[in-house]
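Undergrad: model this:
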Amino acid sequence: ARAAGLEPSLQALRKAGDFAERSDNYPAALRFGERALEQARAGDDQIALARVLNDYALTLNSAGRYDEAEPLYREAMAIVEKTLGKEHPSYAASLNNLAGFHKATGRYDRAEPLFRDAMAITGATLGKEHPSYAGSLNNLALLLDPTGRSDEAEPLFREAMAITGATLGKEHPTY
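TA: Sure thing, here's the model as predicted:
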């Protein structure tokens, strides 16, 4: 927060917001997010704007302000689609974020196809041995398991665990 106050760069604001959110200080995280979004909208870097939109939407989502989060997720996804295309890992990340939003709001039927699309793009672009692909598998499994589809979730959990263990190591916190 002090760094963002001394030099309110986009990077400093994003880091301050991330730290505040991880500390469960949502009022501060939202303030930093609003400032970062204002700064990003004033700039010319569309990818930076998409990142800030996603960051701020995630914070709004964590704070339970779902109605405000969804349009930001969609705006970020549209920017990434226009600038990088639908076959880019960043587009998969945008799909994943929107899917997580739908999961958090209990709209599992909307979340599942987005998680599956994100998983397919991640597998095709980064490879099926990449930690991000393992994350995609895990996200889908985390949706399927509580919806009574444990038989579909378990192999996804196991595959994600195997990839994570092989790529990051069994001592890594993600494993």
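
Undergrad: center of this structure, which residue is that?
TA: Against the mean C-alpha coordinate of the chain, by CA atoms, centre = their mean, the closest residue is residue 97 at 4.0 Å.

Undergrad: what helix or strand is it on?
TA: Secondary-structure assignment from DSSP states H and E places residue 97 in helix 89-104.

Undergrad: show the average pLDDT along the helix or strand that that helix is followed by.
TA: Sequence order places helix 108-126 as the next helix or strand after helix 89-104, per DSSP H and E. When pLDDT is averaged over helix 108-126, the result is 97.

Undergrad: what's in contact with helix 108-126?
TA: Outside helix 108-126, the residues that touch it by CB atoms under 8 Å, 6 or more residues apart in numbering are 86-89, 91-93, 95-96, 98-100, 102-103, 130, 132-133, 135-137, 139-140, 143-144, 147. Just so you know, the C-beta spots here come from the backbone N, C-alpha and C atoms, and that holds for glycine as well.

Undergrad: which SSE is immediately downstream of that helix?
TA: helix 131-144.

Undergrad: circling back to that earlier point, buried set for the helix holding residue 97?
TA: For helix 89-104, burial by neighbour count (16 or more other CB atoms under 10 Å) applies to 89-103.

Undergrad: list just the nearest of these to residue 46.
TA: The closest of the buried residues of helix 89-104 to residue 46 turns out to be residue 90 (CB to CB; 11.3 Å).

Undergrad: confidence score at the residue nearest to the centre of the chain?
TA: Residue 97 is given a pLDDT of 94.

Undergrad: give me the residue ranges of the chain where confidence is low.
TA: Across the chain, the ranges flagged by pLDDT under 70 are 2-4, 6.

Undergrad: kindly recompute the last result at 90.
TA: Flagging of the chain using pLDDT under 90 yields the residue ranges 1-12, 15, 62, 146.

Undergrad: would you put the C-alpha positions of the strand or helix carrying residue 40 in CSV?
TA: Using DSSP H and E, residue 40 falls within helix 26-42. Taking C-alpha atoms only, helix 26-42 is exported to CSV below (Å, rounded to 0.1, in the frame of the first residue of the first chain):
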residue,chain,number,x,y,z
TYR,A,26,-11.6,-6.5,0.7
PRO,A,27,-12.3,-2.8,1.2
ALA,A,28,-8.6,-2.0,0.5
ALA,A,29,-8.4,-4.6,-2.3
LEU,A,30,-11.4,-3.0,-4.0
ARG,A,31,-9.9,0.5,-3.7
PHE,A,32,-6.6,-0.6,-5.3
GLY,A,33,-8.6,-2.5,-7.9
GLU,A,34,-10.7,0.6,-8.8
ARG,A,35,-7.6,2.8,-9.1
ALA,A,36,-5.8,0.2,-11.2
LEU,A,37,-8.8,-0.2,-13.4
GLU,A,38,-9.1,3.6,-13.9
GLN,A,39,-5.4,3.8,-14.8
ALA,A,40,-5.6,0.8,-17.2
ARG,A,41,-8.7,2.3,-19.0
ALA,A,42,-6.8,5.5,-19.5
